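# quick one: sequence plus predicted model below, questions after.
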Amino acid sequence: MDYAPLIAKSLEMRKAAYAPYSQFSVGAAVLAESGRIYGGANVENASYGATVCAERAAIFAAVNAGERKLRAIAVTETPCGVCRQVMREFADPKSFEIVVAKSAADFRVFTLEALLPESFGPEALA
Ligand code: THU
């Protein structure tokens with residue numbers, strides 16, 4: 001896979017973050033099965049627990065656009081546990097790729113299975 005467009009979008013999305021409390025801006029970009037890319041950035045809240053991470057913002061944008069299968073995500077930070085579980089809902093853990101990218105040249109790639117082993121997913125409830 002050519003990670004460059006996905007990484008570029010995640011870096012661009014960082015500028016959209018609303019992070020007045022942590023000053024920690026995160027950008028993410030999801031590649032869906034359709035081939036489309038959806039971006040997201042973290043949105044904080046005065047009630048800190050209501051904050052939404054960049055990864056979930058991007059995933060929810062994709063799902064709200066009708067996507068149900070996601071292929072990969074690029075993000076400027078290592079994803080938190082909650083976001084890994086949300087990825088699991090719409091991804092095959094063995095093939096879904098998580099690209100943790102500091103820049104176009106400095107990135108690491110993991111499968112979802114590597115970052116969320118022995119996971120619980122929707123098929124358990126089918
Ligand atoms: N954050 C993300 O958006 N994604 C991550 O992968 C790690 C953390 C956000 C949440 C909060 O707005 C800020 O970064 C500090 O935790």
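Here it is on my side, so go on.
# mind checking the SS state of the residue nearest to the spatial centre of the chain?
In the chain, the residue lying closest to the centroid (Cα atoms, centre = their mean) is Glu55, at 3.1 Å. Assigned by DSSP: H, G, I helix; E, B strand; the rest coil, the conformation of Glu55 is helix.
# now do Arg71
strand.
# surely it touches Phe96?
Yes - under the criterion of Cβ atoms under 8 Å, Arg71 makes contact with Phe96 at 6.7 Å. The C-beta positions use only the backbone N, C-alpha and C, and glycine is treated the same way.
# have a look at the two and say which one is more surrounded.
Per other Cβ atoms under 10 Å, whichever of Arg71 and Phe96 has more neighbours is Phe96, with 22 against 19.
# mind listing what the more buried one touches?
70-73, 87, 111-112 (Cβ atoms under 8 Å, 6 or more residues apart in numbering).
# helices along the protein, start to end?
4-13, 54-64, 81-89, 112-115 (DSSP state H).
# neighbouring contacts of the longest one?
Counting contacts by Cβ under 8 Å, 6+ apart, the residues outside helix 54-64 that touch it are 10, 13-14, 17, 26-30, 32, 36, 38-43, 70, 73, 75-77, 79-80, 82-83, 86-87, 90.
# C-alpha coordinates for that helix, PDB please?
Only the C-alpha atoms of helix 54-64 are listed here, as PDB (Å, rounded to 0.1, in the frame of the first residue of the first chain):
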ATOM      1  CA  ALA A  54      -8.800  12.100  16.200                       C
ATOM      2  CA  GLU A  55      -9.100   8.400  15.300                       C
ATOM      3  CA  ARG A  56     -12.700   8.100  16.400                       C
ATOM      4  CA  ALA A  57     -13.500  11.400  14.700                       C
ATOM      5  CA  ALA A  58     -12.100  10.000  11.400                       C
ATOM      6  CA  ILE A  59     -13.800   6.600  11.800                       C
ATOM      7  CA  PHE A  60     -17.200   8.200  12.700                       C
ATOM      8  CA  ALA A  61     -16.900  10.500   9.600                       C
ATOM      9  CA  ALA A  62     -16.400   7.400   7.500                       C
ATOM     10  CA  VAL A  63     -19.200   5.500   9.000                       C
ATOM     11  CA  ASN A  64     -21.500   8.500   8.800                       C
END
